[in-house]
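Participant: Below is the sequence, then the predicted model.
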2 protein chains.
Amino acid sequence: MKTILAMEYKEDALHMIDQRKLPHTYEIFIAKTCQEVDFAIRDMVVRGAPAIGAAAGYGAALAAKSYQHEEKSEFLVKMNESLDKLNTSRPTAVNLMWAVKRMRKLIETHHKLSVKSLAELVLKEAHTIVREDQAINLAMGSHGNTIIPQRATILTHCNTGALATVGIGTALGVVRTAHSSGKDIFVYADETRPRLQGGRLTAWELMQENIPSTLIADSVAATLIRDGKIDVVLVGADRIATNGDTANKIGTFMLSVVAKTYGVPFYVVAPTTTIDFDIDHGTHIVIEERNSEEVTHIEGVHIAPEGMKVYNPAFDITPHENITGIVTEKGIVRAPYAENIMKLKV
Amino acid sequence: MKTILAMEYKEDALHMIDQRKLPHTYEIFIAKTCQEVDFAIRDMVVRGAPAIGAAAGYGAALAAKSYQHEEKSEFLVKMNESLDKLNTSRPTAVNLMWAVKRMRKLIETHHKLSVKSLAELVLKEAHTIVREDQAINLAMGSHGNTIIPQRATILTHCNTGALATVGIGTALGVVRTAHSSGKDIFVYADETRPRLQGGRLTAWELMQENIPSTLIADSVAATLIRDGKIDVVLVGADRIATNGDTANKIGTFMLSVVAKTYGVPFYVVAPTTTIDFDIDHGTHIVIEERNSEEVTHIEGVHIAPEGMKVYNPAFDITPHENITGIVTEKGIVRAPYAENIMKLKV
C-alpha cells in the first residue's frame, strides 16, 4: 500500500523528500551530517511529528558516525551536544524529544562498548525507530478503520500521511487503510494555512493514490460539518497531555469546536509516542510561534502590506472534551482520558 | 475621518481603486462604460456589498449616457438589457440587485422625461446612492460604537472598510468610529482565505490609519476567542434574510460558532439595504461558487497539485441564533429577529 517514502537512509546519508518544494517539484534533500538533519527539521524539509522523530534518530546516527574515531569520553561529550541541539530543532513535537531521549538512554546503557560499536548501535536504533513507526502506522490504520463507515466522507487537516511519518501516516493512514479495504471513501482536505500542508502535501498524497478528494479553504469546513457532509473528522497530533488535551496544527481546535457543536465524530490519530506523560494538561504545552513571513508571504510572494504585524502560532490545543477518541497503535482511547491514557504508559 | 475613496465618478468615468492589486500597488481602474463596470464587479476590482451597489449605480449611469442619443423606446430596451446584465455580475450581494431595482424604478417613474433628462437623472441617482451610503456608514459607526468597550480587542473578518463601501465602512466603520472617538482599540484582522481580503485590504486600511492591529491566519481566531483575547467579533454581510440569517464571506459562520461557544459577542454590521425582504430563511440564499484558481493559486503562484479538485464557496450562512445583534443605520436589531427586522421595512 505504501509507495511514498518521506525518508530513506542510504550511502551514509539521510535522503528526504524536500517537503518545502512539493507539490510542484519532487526533490530529494540529502543530509550527510547531523547539522544538515537539524537544518532539515528546523526548515521543515521534513515535518510531521513521527517523521521528525525518525529524522532525529538518523541525525543522532550521523553524529555518532562522525565522532567514531574520537576517544570514548570525547565521543560521549560530543554526542551529548549534538543530541541537545537536535532536541531544540522544533519545540512542540514530542516525538523529537522522545527519539533524542531514546538515543541518550541507548548510549548510556551501552557506554562500555567501543565507540565504533556505539555508532553502529545508534544507526541500528534509528532503523528500528523507522520499522516501529511503520508497524505502528499499520496498527493505527487498522484500529482507526473500525470507526470509518462503509461509505464515508472524511475531513482531514494538515498533512498526516506518508510524508508526516515513515509509514502510511497517522490520520491519513486511517484514510488509506479504509480506502484500500474497499470502503467508499471521499476526503475533504483543508489547505491548512499558513503553510498549506493540506493543499500542498495531503492533496498530493491523495492524488498519488487516486483517493477521491476535494481541497477546501480552512473556513469552508464549518459549513460542510453543519450541513451533514462530513461523517468523521480525522486529525493528527504533535503532543498529547495525559488528560487527552491535544496540541496539533493550528486550526485543529476550531474544527473540534464545530464538530462538537454539530455532533460529528472527531478523532485524533497518533502513536503513543505522541503522549507526553510529563504533562497533565494542554495549557502546559509550549506552542511554537513561527515567523511572520509564513503569513505575509506565499512561496516568496508578498501578500500582506509591508510592516503589518503578525501573530503566527504553529499549533493550538484541542481540549479533550472535544475529542471523540484517540486512535493509537494500541487501540482507541476514549474518555475518561486521564484514566485511560495512563493505562498506555509502559 | 475618511481618506480612502473606493470609487469616484469624474470626467464621465468611474474611477475605482483596483482592489485586485492592493496592498502592493495602488492603481486606479477607470471604467468608461457600463460593460467595464460590469467587468470590474465580476473580476473584483471593486468588492464589498455596498461598494458593488454603488458601482452598479454608476454602471447604470454610464449605460444611460451611452444611449442618450437613442429613441426613447430603444433607450428603454437597451437600459433594461444593461441592467439585466449588471444584475448578474455577482450573485450574492443583495445591494447589487437593490441598486439595479432602484434604477429600474426611477426610469419607470420618469419614463415621460426626455432620454437626455433620464440619463442625467440616473447619474444623479448614482450620486445619491453614494451620499446615502456615506451617511449610512456614519450612522452604523455611531450605533456600533455603543457596543464597543472603552478598551477593546476586536476581531474582523474579510474587508468591511472604506474599500468595501463608499464611506467609512460597515464593520470596519465601527472600528474607525470607536478608534477616532478616543477608545483604546486593538484589531485582530484575519486574512480571509481564499482571496485574502483581510490580509490584503483590511490590513492596508488599518495601517493607513495607524489603528493598532495584528494579522492572523483564519484558524488562529478560535484560540484567541477561547482564551478571552477578543472582546467582540464584528463582521459585515452580503445578504440578510428576514429571520436574521446572514450570508457573508466564507469563514463568518465558523467564527460565529466559536464566538457563541465561548460567549463572545458577535455583531453583524450592515445597512438595511443588505436585508432581502423576499427571503425569510438563510437556506434560500444563493451562495456564489467561485473558480478553483482562487484556492489553487495565490497571486499567480500555483500552490496545490495540478488537477486537484476544489470546492470554493465565496460565502456561508450564519444562523441568526449565533448573532448577538445586527448594527444597521437605523439602530441595533436584536432577537427576535423575524419580528424586529420587519420593523425596518419601509
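Facilitator: On my side now, so go ahead. Here the structure is a predicted model, which is why all the values come from computation and not from measurement.
Participant: Tell me how many other residues crowd the residue nearest to A:T283 when sequence neighbours are not counted.
Facilitator: Spatial nearest neighbour of A:T283, excluding adjacent residues (Cβ to Cβ, 6 or more residues apart in numbering or on different chains): A:I317 at 7.2 Å. Bear in mind the C-beta positions are built from the backbone N, C-alpha and C, glycine included. Neighbour count of A:I317, defined by other Cβ atoms under 10 Å in any protein chain shown: 24.
Participant: do the one 3 residues further on as well
Facilitator: Burial measure for A:H320: 23 neighbouring residues, criterion other Cβ under 10 Å.
Participant: Not counting its neighbours along the chain, what's nearest it?
Facilitator: A:G244 (3.0 Å).
Participant: sec struct for the one you found, please.
Facilitator: coil (DSSP: H, G, I helix; E, B strand; the rest coil).
Participant: Next: the one 10 residues further on.
Facilitator: Classification of A:M254 using three-state DSSP returns helix.
Participant: Tell me who's in contact with it.
Facilitator: Residues near A:M254 by Cβ atoms under 8 Å, 6 or more residues apart in numbering or on different chains: A:218, A:222, A:316, B:219, B:221-223, B:254, B:258.
Participant: Out of these, which comes closest to A:G57?
Facilitator: Top of the list for closeness to A:G57, among those and by Cβ to Cβ, is A:D316 at 27.5 Å.
Participant: residues near that closest one, how many?
Facilitator: 25.
Participant: and it, what does it touch?
Facilitator: A:247-254, A:287, B:219-220, B:222-223 are the contacts of A:D316 under Cβ under 8 Å, 6+ apart.
Participant: Lowest-confidence member of the residues you listed, which is it?
Facilitator: Within the contacts of A:D316, pLDDT reaches its minimum at A:I287, with 92.
Participant: so what pLDDT did A:M1 get?
Facilitator: For A:M1, pLDDT reads 45.
Participant: just the one 4 residues further on next, same as before
Facilitator: Taken from the predicted model, the pLDDT recorded for A:L5 is 92.
Participant: do A:N95 as well
Facilitator: Reading off the model, A:N95 has pLDDT 89.
Participant: what helix or strand is it on?
Facilitator: In this assignment (DSSP states H and E), A:N95 forms part of helix A:94-109.
Participant: ok, and for that helix, which residues are buried?
Facilitator: Within helix A:94-109, the residues scored as buried using 16 or more other Cβ atoms under 10 Å in any protein chain shown are A:94-100, A:102-104, A:106-107.
Participant: cool, stretch A:34-50 as well?
Facilitator: For stretch A:34-50, by 16+ other Cβ under 10 Å, it's A:34-38, A:40-41, A:44-50.
Participant: Just the ones of those residues in helices?
Facilitator: Judged by DSSP state H, helices contain the following of these: A:34-38, A:40-41, A:49-50.
Participant: Chain B contacts on the stretch 101-250 of chain A?
Facilitator: A:188, A:191-194, A:196, A:199-200, A:203-204, A:207, A:213-223, A:226, A:250 (Cβ under 8 Å from any Cβ of the partner chain).
Participant: Show me these that map onto helices.
Facilitator: A:203-204, A:207, A:221-223, A:226.
Participant: And the residue of the stretch 1-150 of chain A closest to chain B?
Facilitator: A:P23 (3.8 Å; Cβ to the nearest Cβ).
Participant: That residue contacts A:T202, correct?
Facilitator: No. With contact defined as Cβ atoms under 8 Å, A:P23 does not count as touching A:T202 (9.9 Å).
Participant: More neighbours: the two, which one.
Facilitator: A:T202 (33 against 22).
Participant: mind listing what the more buried one touches?
Facilitator: A:156, A:158-161, A:172, A:189, A:192.
Participant: what about 7 Å?
Facilitator: A:156, A:159, A:161, A:172, A:189 (Cβ atoms under 7 Å, 6 or more residues apart in numbering or on different chains).
Participant: Separate out the buried members of these.
Facilitator: A:156, A:159, A:161, A:172, A:189.
Participant: Widest-spaced pair of the residues you listed?
Facilitator: A:G161 and A:A189 (9.9 Å).
Participant: So what's the residue count around A:Y26?
Facilitator: 10.
Participant: Please name the spatially closest residue to A:Y26 (chain neighbours excluded).
Facilitator: Per Cβ to Cβ, 6+ apart, closest to A:Y26 is A:I17, 7.0 Å.
Participant: just A:V100 next, same as before
Facilitator: Using Cβ to Cβ, 6+ apart, the nearest residue to A:V100 is A:N87, at 4.6 Å.
Participant: what do you get for A:A54?
Facilitator: A:V166 (4.8 Å).
Participant: a helix runs through the one you found, doesn't it?
Facilitator: No. Counting by three-state DSSP, A:V166 falls outside a helix, being coil.
Participant: What pLDDT does the model give it?
Facilitator: Note on A:V166: pLDDT of 93.
Participant: That one and A:V130 touch, don't they?
Facilitator: Yes. Applying Cβ atoms under 7 Å as the test, A:V166 and A:V130 come out as touching, 4.8 Å apart.
Participant: the more surrounded of the two?
Facilitator: Shown here are A:V166 and A:V130; by other Cβ under 10 Å, A:V166 has more neighbours (28 against 24).
Participant: Please list all residues in contact with that one.
Facilitator: With Cβ under 7 Å, 6+ apart, A:V166 has these contacts: A:6-7, A:50-51, A:54, A:130, A:133-134.
Participant: Pull up the gap between A:R239 and chain B, please.
Facilitator: Going from A:R239 to chain B by Cβ to the nearest Cβ, to the nearest Å gives 15 Å.
Participant: How far off centre is the helix or strand where A:H179 lies?
Facilitator: Using DSSP H and E, A:H179 maps to helix A:171-180. Centre-to-centre, helix A:171-180 and its host chain are 16 Å apart (Cα atoms, centre = their mean, to the nearest Å).
Participant: list the helices and strands that helix packs on?
Facilitator: Helices and strands touching helix A:171-180, by 3 or more Cβ pairs under 7 Å, 6 or more residues apart in numbering or on different chains; DSSP states H and E, are helix A:115-145, strand A:151-156, strand A:184-190, strand A:232-235.
Participant: Which among these is found nearest to B:T146?
Facilitator: Closest among the helices and strands packed on helix A:171-180, using Cβ to Cβ: strand A:184-190, at 37.2 Å.
Participant: Now the closest one: buried residues?
Facilitator: A:185-190.
Participant: Can you show me the helices along the stretch 201-346 of chain A?
Facilitator: A:203-208, A:221-226, A:252-261, A:293-296, A:337-342 (DSSP state H, counting those that start in this stretch).
Participant: Spatially, and excluding backbone neighbours, which residue is closest to whatever residue of the stretch 101-250 of chain A ends up closest to chain B.
Facilitator: Of all residues in the stretch 101-250 of chain A, A:S219 sits closest to chain B, at 3.1 Å by Cβ to the nearest Cβ. Excluding the flanking residues, the one nearest A:S219 by Cβ to Cβ, 6+ apart is B:G251, at 3.1 Å.
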